[in-house]
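Novice: pasting the structure only:
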Ligand SMILES: [Zn+2]
């Protein structure tokens, strides 16, 4: 991180990310020297938070999570075409296409970004298992429960969130 005094700044300091990825922190001309350390810590904290959020937000992260879940809970036997975040699902948290030209496309609602990891993982596991069983058959639930250990807790959590938000989150069927 590079710190530079900037005459144009009156009170507040500003930080920007430069083209090479490094951080330039500009501080007001008269910013007290003994407070720079504290300021740097604050910026570092913000950067870390941003990085964590960004990591959770990318489709690549979702793909990696799905791969880990597949390996850890389903012996790596599930395959899919693509998995990505979407904003346009109202009451569904996930969906998975089955058959046709877009077979195996999993979509995960961004609403899950505000929920705990183990709930997000449940929805990913749920959609993955739809690759084996298209409908919510007994076999579907058996496979999901045997694989992902927090299935029932996560379903309860989602019901509770839905109650609080006044939304009934659907347990969707796979799309044709
Ligand atoms: Zn389902």
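Specialist: Arrived safely, thanks for sending. What you are looking at is a predicted structure, and each value in this text was computed from that prediction instead of being measured.

Novice: show me where pLDDT drops low in the chain?
Specialist: 54-56, 172-176 (pLDDT under 70).

Novice: Could I get the full set of strands for it?
Specialist: 2-6, 14-17, 23-28, 82-86, 94-96, 105-109 (DSSP state E).

Novice: now residue 160: how far from residue 98?
Specialist: 29 Å (CB to CB, to the nearest Å). Yep, even glycine has a C-beta here, placed from its N, CA and C like the rest.

Novice: Comparing the two, which shows the higher neighbour count?
Specialist: Using other CB atoms under 10 Å, the more surrounded residue of residue 160 and residue 98 is residue 98, with 18 against 10.

Novice: Surely the more buried one is in contact with residue 134?
Specialist: Yes: between residue 98 and residue 134 there is a contact at 4.8 Å, judged by CB atoms under 8 Å.

Novice: tell me which residues in the lengthiest helix in the chain are buried?
Specialist: The longest helix of the chain (DSSP state H) is helix 36-57. If you call a residue buried by 16 or more other CB atoms under 10 Å, then helix 36-57 has these buried ones: 39, 40, 43.

Novice: who touches the last one in this structure?
Specialist: Taking CB atoms under 8 Å, 6 or more residues apart in numbering, we find residue 43 in contact with 1, 15, 23, 25.

Novice: of all these, which comes closest to residue 104?
Specialist: Using CB to CB, residue 23 is the member of the contacts of residue 43 that lies nearest residue 104, at 40.2 Å.

Novice: Please name the nearest non-neighbouring residue to the closest one.
Specialist: Nearest in space to residue 23, with sequence neighbours left out and distances taken as CB to CB, 6 or more residues apart in numbering, is residue 1 at 4.5 Å.

Novice: Tell me how far the one you found lies from residue 11.
Specialist: Taking CB to CB, one finds residue 1 at 20 Å from residue 11.

Novice: which one of these two has more residues nearby?
Specialist: Neighbours were counted for residue 1 and for residue 11 using other CB under 10 Å; residue 1 has more, 11 against 7.

Novice: From residue 25, how far out is the more buried one?
Specialist: To residue 25, residue 1 is 6 Å away according to CB to CB.

Novice: got any residues that touch both of the two?
Specialist: By CB under 8 Å, 6+ apart, residue 1 and residue 25 have these common neighbours: 40, 43.

Novice: And the contacts of residue 43, which two are furthest apart?
Specialist: Spatially, the most separated pair among these is 1 and 15, at 8.0 Å (CB to CB).

Novice: No further questions, thank you.
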